[in-house]
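Student: Test case, fold it:
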Amino acid sequence: MRINKAVIPAAGLGTRFLPATKAQPKEMLPLVDKPAIQYIVEEAAASGIQSLLIITGRGKRAIEDHFDYAPELEAFLRAKGETKLAEEIRRITELLSLHYVRQKEPKGLGHAVLCGRDFVGDEFFAVMLGDDVIFAAPPALRQLMEIHEETGRSVVAVMGVPKEEVSRYGIIAGEKVRPGLWRVKSLVEKPSPKEAPSNLAVIGRYILSPKVFEILGETKPGRGGEIQLTDALNMLCQEEPLYGYAFQGKRFDVGEKLGYMMAQVEIALLHPEIGPAFKEYLRQLCRTLFTTP
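Tutor: Below is the predicted model:
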């Protein structure tokens, strides 16, 4: 079954990046020369998604403006002879069909996903979290789609994490089907290392059954007083099959400072314009840092 629609929850307050996010959406913080959310939208387009809903909130208008047409800017760039840059600005607006809805209150990830119910309708759909920037070929979402096409069921991306970090994630308990694929039996939101059923953490890519909306509508606030998507998925896997797939690729958690800076460095190194010069700068910096007494 083809996945045509995706939802990106982007209504969070970005408190881990204050004061930078006081007046700017955290999703618009740049990774070199593109805002973080653009990497997610580009992954959706590269995976074959046709329609994308971004769940926004107050103060998030910059996201809509970024993906909207900017004819004055394009005309200005073309007049200066910056044709390639003008074409890039236009390309951003034509990646796929974009839609927006506001989450009026910060009630949690589960509630944000529930805001996409009317957009999705009665079909399987993708959820992509903006905090997880993943570099992979094929794209991480496309890899999950292939598992969905094979099984016809819901799939979540998982990766092994150190035991001391399980309290930062939703963790699955599962039965191994084959290398890299598990049938999920249960999920726990942010367990302590002693409570965690495994070290397999759910990462921000999902292919979900529309049944999840019915469950989310009945889910009570959980950890942190919020409606947790993990709690709804725990119920979902009791009613219909849910799989966990260990995607192939490199993931950065750009929702926290260290992960954001690691992504900056690696993206800069690969950037065609500044990559070689930045690599030389890092080489000299490391030489200074590790040779100075």
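Student: contacts, neighbours, all on C-alpha from now
Tutor: Fine.
Student: Determine the set of other helices and strands touching the helix ranked longest in the chain.
Tutor: Longest helix in the chain, counting residues (DSSP state H): helix 275-291. When contacts are defined as 3 or more CA pairs under 8 Å, 6 or more residues apart in numbering; DSSP states H and E, helix 275-291 packs onto helix 257-270.
Student: Domain parsing of the chain, as residue ranges.
Tutor: 5-255, 256-293 (automatic domain parsing).
Student: Name the residues linked to Met128 by a beta bridge.
Tutor: Arg205 (DSSP bridges).
Student: number of nearby residues for it?
Tutor: Counted with other CA atoms under 10 Å, residues neighbouring Met128 total 23.
Student: pretty sure it contacts Ile207?
Tutor: No. Using CA atoms under 8 Å, Met128 makes no contact with Ile207, being 9.0 Å away.
Student: what helix or strand does Lys176 sit in?
Tutor: strand 170-178 (DSSP states H and E).
Student: What is the subsequent helix or strand relative to that strand?
Tutor: Next along from strand 170-178, by DSSP H and E: strand 181-189.
Student: which residues are contacting that following strand?
Tutor: 167, 169-177, 196, 223, 228, 230-231, 233-234, 237-238, 241-246 (CA atoms under 8 Å, 6 or more residues apart in numbering).
Student: Buried subset of these as a ChimeraX selection?
Tutor: In ChimeraX syntax, the buried subset of the contacts of strand 181-189 is picked out as below (16 or more other CA atoms under 10 Å):
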select :167,169,170,171,172,173,174,196,228,230,231,233,234,237,241,242,243,244,245,246
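Student: Can you list the neighbours in contact with the helix or strand hosting Gln38?
Tutor: Using DSSP H and E, Gln38 sits in helix 36-46. For helix 36-46, contacts defined as CA under 8 Å, 6+ apart pick out 6, 27-30, 95-96, 128-130, 133, 139-141, 254.
Student: Can you tell me which of these has the most neighbours?
Tutor: Leu141 (28 neighbours).
Student: can you pull the contacts of it?
Tutor: Taking CA under 8 Å, 6+ apart as the test, what Leu141 contacts is Glu43, Ala44, Ser47, Ala126, Arg205, Tyr206.
Student: Looking at those, which one is closest to Val156?
Tutor: Tyr206 (4.5 Å; CA to CA).
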